[in-house]
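Novice: Kindly generate the corresponding structure for this input.
(2 chains)
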Amino acid sequence: MILIKCPYCGERDQSEFENGGEAHVIRPKNPESLSDKDWGEYVFYRNNPKGIFYERWVHSHGCKKWFNAVRNTSTDQILKVYKVNEKRPDLSEFQNTLKSPSGEPSVGSGNFAVKK
Amino acid sequence: MSAINNNCQYISKKQVKITFDGKTYQAYEGDTIASALLRNNIRLVGRSFKYHRPRGIYTCGIEEPNALVQIISEHNEPNTRATIKRVYDGMEIASQNRWPSLKYDFGAINNILSPIFSAGFYYKTFMGPKGFWKNLYEPLIRHSAGLGKPPKNFRSKSTHQYHNNDVVIIGAGLSGLAAAKKFINTKYKVLLIEQDSYLGGVLKNSNKVKTINGLTPQEWISETEELILNSKNITVLKNTLVTTYNFTNHLIALEDKFAGKKIDLNKSELTLHKIRTSNTIIANGHIERFISFRNNDLPGVMLASSFEKYIHRYGVVPEKEPIIFTNNSSSLSLLKKLISLGCKPKAYVDSRKKDNIETEIKKILRDSDISFFTDAEIEGCDGNKKVETITIRQGKSFTKLKSSMLCVSGGYNPDIHLFTQSKGLVKWDKNILSFKPDTPFQKTITLGSTSGNYSFKKLCDEINEKLSIFKTKKVSLDINLNVPNKFSIKELWETKKKNNSNWAKSFIDLHNDVTTKDLKQAITEGFDRIEHLKRYTTNSMGTDQGKISSINSLAIVSKMLKKEISEVGTTTYRPPYAPLSFAAIAGRSTYEFYDPERKTSIHSWHLKNNAVFEDVGQWKRPWYFKASENETMHQAVQRESKMLRENAGILDGSTLGKIEIKGRDALEFMNLMYTNAFTKMKPMTSRYAMMLGEDGMIKDDGIICKISDQHFIATTTSSGAPKVLADMEEYLQTEWPHLQVYLNSITEQFSTFNISGPKTREIMMKVFPDIDFSNDAFPFMTFKNFDYKETKIRIMRASFTGELGYEIYIPPKIGLELWEEIFSCGKEYNLIPYGTETMHLLRAEKGYIVIGQETDGTVTPIDLNYNWMIGKNKKDFIGKRSLSRPDTSREDRKQLVGISPINKKDIIEEGQHIVELNELPKKITNPIKYLGHVSSGYHSPNLNHSIGLAMIRGGKNLLGQKFFVTATGKTKNIPVEIVNPVFIDPENKRLTS
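Specialist: Numbering: from 1, shown residues only, chains lettered A, B, ... in the order given. Model prediction:
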């Protein structure tokens, strides 16, 4: 259970929030003008990286506000939270953060406990 | 062979009586079950998991793999560790996994058959024939394997408590206490957690430490404890075990409020502490490990430090003349203690070479004239349900000695469980032959033996250095020892057997009956990765999680694979550290507190009128009303349905979700959220509407009332209300923040009654004499607000039954009053109350769909023939673009049709398949072509035969064709005709009458 800092309410337990998947996926302005493939990509395809991920959260058992967060999916650390109308922070901001708890490979689950 | 008592300050002089397997024994207050049994010379306490071998008490703490018992006097609590559970007067205990008795256990035949029960036995053996697993093998295995019997009733027994701290110290032994001392009267908010009922840890379990700062260990503990208790910033939790170390320094600890006391059923016996902390200090010490040798599971074999702990902590010497077997220097303190008590160990067997053994040990053994075997090991032990003889191997010679107990020490493992749960990395240390913490992932500090520091003298520097990040004073610890400060160990995991018999066993996991031979076999069969090997052999998968043996198995496996142990790695340590009951996790969230029950304002009336309730989300809704005691559900529903179509019926629809949508851009917002077009809709009219997902599939439906372009009220399904509101909010906040729209859930603000049937108008006119209900003044799908008894009500002309109908919205405060008024007016028209089941039947007759019954997340409005609901001229709405995707516009999608049996007596069951075959083959070899399924099936009392709604491939073009519907337990199928799904009043005459 991680702690999440709601930009409106402050730090709260994860159980107060719901995750809304990838952030910055904008609904197309003119859906009818999109090809089936492009529309399909918007509806069905999302990134799922191991590492830095821009995602949406909603403080559903609190102020009910949506906001964005940058989370490292490997360490579960939330590196930044920002409001939906704020600019997407640049990836370079997070270059010097911890990549993974145990230095395991960039792909795979990696339950490593022993230091190599 | 008999135990003797030793003076001990932790055990009171007060005697208590306990029973074990029906026999009464004397114990002292403060005893654990294990110490009480040892005091009474009981060595045999249970039978093993798989082979039903006799087992005794192996350890003196949380790591116990064998001595698990059932506490009869605590609602039959199973699998309780005898080594930590404290006794009280009148406690009733029973042994586990034996039948008919502990001494004569029928299941012990498994031990004789053991050569065939090797690793993977179940996987390989119980493969077929079909059905045998479920009906024969599994019940048989469940009877003979397993541990205690589950308690008969679940009971609520815990509360939860939350903490926010700066520092949490886990373990109040020497290191934990010294660390806590650093925080006395500082600004840090500290929580000190100890699993035992006394502080002091190793200091009270042995006499290794002589003095600290010139005080005896007990004096030092008392002094420190008093300082800590007087310090306002430190809280101490005793009898509390930290079980879980999560991300962001979140800890879970379980406190036993009734340790050593009889449970008071009016109080919670457990507290689950949920702790957030900035820093965690782990000082929970070490766990001794065993050595594998032949019959290392016999009752009488015990870990050396546990034997020592029983003397110091519980004042019982389990045996006066045990044999000690060690590969390290730590057993010296036990030897010294025994001699000081006038006991004389039968022999001291040390696997180290004579030159490497401490001179003090050699001197004591010589002075006391104790047989001494150096560079030697235990080959095995023998005896009937207990240790009787012990065989020592020294070089090529074997010596057989008689003794009833064998104390074993295979070295110590830092207790890294919590550290690895926190995702810290461990490293192999060659000096202590174990893994120790290396790189923490969170703000975690390990101290003392947990960190791999086995030197008492270095502890002070370690604490001052590691805790220098806190602005506190330095501690000073001047420690004098009874034992050498330097730890010395020789690698030894398994001793060699004299003969290679199929029945000879050296155990590596006592809890799950895994032998070293099983490890070898698993590797031979290709399970050479440690995580695979663990699951194949079930090694370290018992409730003890292999606390005394898992490192041994890694070492044995690494030797077989000819790899370094750090290459083999450890298996993943997962929470909890030790088992905790579901009741502890559940806390107060049990029974009526688990999930709230929502009741409408009419609930009391429903109860009085014999309603049978159905759960819809959290709501309690009347399912049907019993007219008499013996009326069945089928009879009631048939009666209600018929009466409604003849006269009138009323349904409590208060549970329907209601959302108010207001604001400058409300119209634009509604046009985007729903498929329908609302622009040309007149104010004060309503419309049946659908909400899709972006994938074009139906999510919810409801009636939308338009008050003005700036004000709408939407109804939703009873269980869909929160989700619909949340989805609307999401789009408003994230996609269309420019729209000025406000949403409000008003579900609870109104009681809603749906009254319908041919006599409805007369009833309504009688209840509301001032209102004109004529067709011209009040047409179908319009609504009006009226003054009623100092409040306002809204009445809408709508129907879900297909009959003339009205919906009344009224504040819940006077809801019941109006409901009763309607009944008194409706009496002469035979008005009946009806429930959800009748509602479902009636709407199926009319061909109306129910979300979640006809739809399942893969159905579009086009599949239901609801094209008229789609605002085709609208530029956009959620899901519109997806309706023209190739897959959603396929002709052969499953589409809604009605089905009617050709033989009118046949019953169509919900959920059955629609096929082309009139009869299914006796044995199905090839897949049967499947056309669709029955989504709703009812006996219609108004048509007097079974009807069904079905989703069938390309159904729209199949009208009039004949197919077959499968039936439960039969191979003969039911012939049906595909018909229009609207069975009653397809012209909507009744609706608009």
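
Novice: Which strands and helices lie in contact with the helix or strand containing B:Glu821?
Specialist: Taking DSSP states H and E as the definition, one finds B:Glu821 inside helix B:815-826. Contact partners of helix B:815-826 among helices and strands, from 3 or more C-beta pairs under 8 Å, 6 or more residues apart in numbering or on different chains; DSSP states H and E: helix B:603-608, strand B:648-652, strand B:751-756, helix B:760-767, strand B:831-833. Quick note: C-beta positions are derived from backbone N, CA and C, even for glycine.

Novice: again, only using 6 Å
Specialist: helix B:760-767 (3 or more C-beta pairs under 6 Å, 6 or more residues apart in numbering or on different chains; DSSP states H and E).

Novice: After the helix it packs on, which helix or strand is next?
Specialist: Taking DSSP H and E, what comes next after helix B:760-767 is strand B:783-788.

Novice: Next, the angle helix B:815-826 makes with that following strand.
Specialist: Orientation of strand B:783-788 against helix B:815-826 (axes from the mean of the first three to the mean of the last three C-alpha atoms, to 10 degrees) gives an angle of 100 degrees.

Novice: mind saving the C-alpha coords of strand B:783-788 as PDB?
Specialist: Listed next in PDB are the C-alpha coordinates belonging to strand B:783-788 (Å, rounded to 0.1, in the frame of the first residue of the first chain):
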ATOM      1  CA  PHE B 783     -43.400  14.600 -16.500                       C
ATOM      2  CA  LYS B 784     -44.800  17.300 -14.200                       C
ATOM      3  CA  ASN B 785     -44.100  18.800 -10.800                       C
ATOM      4  CA  PHE B 786     -47.000  19.100  -8.300                       C
ATOM      5  CA  ASP B 787     -47.400  20.500  -4.800                       C
ATOM      6  CA  TYR B 788     -48.200  17.800  -2.400                       C
END
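
Novice: any idea how far the helix holding B:Glu821 is from the chain center?
Specialist: Helix B:815-826 has its C-alpha centroid displaced from the chain centroid by 47 Å (C-alpha atoms, centre = their mean, to the nearest Å).

Novice: Could you list the residues in contact with that helix?
Specialist: B:601-602, B:751, B:763, B:766-767, B:810 (C-beta atoms under 6 Å, 6 or more residues apart in numbering or on different chains).

Novice: mind putting these in TSV, distance to chain A, pLDDT and neighbour count included?
Specialist: Converted to TSV, these look like this (distance: C-beta to the nearest C-beta, whole Å; pLDDT from 0 to 100; neighbours: other C-beta atoms under 10 Å in any protein chain shown):
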residue	distance to chain A	pLDDT	neighbour count
B:Ser601	26	97	21
B:Ile602	29	97	23
B:Ser751	26	97	24
B:Ile763	42	98	24
B:Lys766	45	97	15
B:Val767	39	97	18
B:Ile810	28	97	24
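
Novice: returning to that earlier point: can I get the helix holding B:Glu821 in PDB, CA atoms only?
Specialist: C-alpha atoms of helix B:815-826 as PDB (Å, rounded to 0.1, in the frame of the first residue of the first chain):
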ATOM      1  CA  GLY B 815     -42.600   8.300   1.000                       C
ATOM      2  CA  LEU B 816     -44.200   5.700   3.200                       C
ATOM      3  CA  GLU B 817     -47.200   7.900   3.900                       C
ATOM      4  CA  LEU B 818     -47.900   8.300   0.200                       C
ATOM      5  CA  TRP B 819     -47.300   4.600  -0.500                       C
ATOM      6  CA  GLU B 820     -49.900   3.600   2.100                       C
ATOM      7  CA  GLU B 821     -52.300   6.200   0.700                       C
ATOM      8  CA  ILE B 822     -51.900   4.700  -2.700                       C
ATOM      9  CA  PHE B 823     -52.800   1.300  -1.300                       C
ATOM     10  CA  SER B 824     -55.800   2.500   0.500                       C
ATOM     11  CA  CYS B 825     -57.000   4.100  -2.700                       C
ATOM     12  CA  GLY B 826     -56.000   1.100  -4.800                       C
END
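
Novice: where do the strands sit along chain A?
Specialist: Secondary structure of chain A by DSSP state E: the strands cover A:3-6, A:10-13, A:18-22, A:52-58, A:66-72, A:77-83.

Novice: cool, and the stretch 451-600 of chain B?
Specialist: Applying DSSP state E, counting those that start in this stretch to the stretch 451-600 of chain B gives strands spanning B:479-481, B:507-509, B:514-515.

Novice: Most tightly packed of the ones you listed?
Specialist: strand B:507-509 (a mean of 28; mean count of other C-beta atoms under 10 Å in any protein chain shown).

Novice: how distant is it from the center of its chain?
Specialist: The answer for strand B:507-509 is 28 Å, by C-alpha atoms, centre = their mean.

Novice: Walk me through which strands it pairs with, and which way each runs.
Specialist: Here strand B:507-509 is paired, per DSSP bridges, with strand B:514-515 (antiparallel).

Novice: neighbouring contacts of the strand it pairs with?
Specialist: Contacts for strand B:514-515 (C-beta under 6 Å, 6+ apart): B:505, B:507-508, B:537, B:539.

Novice: Could you rerun that using 8 Å?
Specialist: B:119, B:505-508, B:537-539 (C-beta atoms under 8 Å, 6 or more residues apart in numbering or on different chains).

Novice: Who wins on neighbours among those?
Specialist: B:Asn539 (30 neighbours; other C-beta atoms under 10 Å in any protein chain shown).

Novice: and that one, how far is that from chain A?
Specialist: Computed with C-beta to the nearest C-beta, to the nearest Å, the distance linking B:Asn539 and chain A is 17 Å.

Novice: List the contacts of the residue in chain A that chain B sits nearest to.
Specialist: In chain A, the residue that lies nearest chain B is A:Pro31 (3.6 Å; C-beta to the nearest C-beta). Neighbouring residues of A:Pro31 by C-beta under 8 Å, 6+ apart: A:39, B:876, B:880-881.

Novice: Alongside chain A, which residues does the stretch 601-750 of chain B contribute?
Specialist: Within the stretch 601-750 of chain B, the residues that sit near chain A (C-beta under 8 Å from any C-beta of the partner chain) are B:694-695, B:726, B:729-730, B:733-735, B:737.

Novice: Report the two of these separated the most.
Specialist: B:Asp695 and B:Pro737 (23.5 Å; C-beta to C-beta).

Novice: the more surrounded of those two?
Specialist: Taking other C-beta under 10 Å, B:Asp695 and B:Pro737 do not tie; B:Asp695 has more neighbours (20 against 12).

Novice: Sticking with that one, tell me its helix or strand.
Specialist: Per DSSP H and E, there is no helix or strand for B:Asp695.

Novice: likewise the one 5 residues further on?
Specialist: B:Asp700 belongs to strand B:698-708 when elements are defined using DSSP H and E.

Novice: Next: B:Gln638.
Specialist: Assigned by DSSP H and E, B:Gln638 falls in helix B:633-646.

Novice: Run the chain-centre distance for that helix.
Specialist: That offset, for helix B:633-646, works out to 43 Å (C-alpha atoms, centre = their mean).
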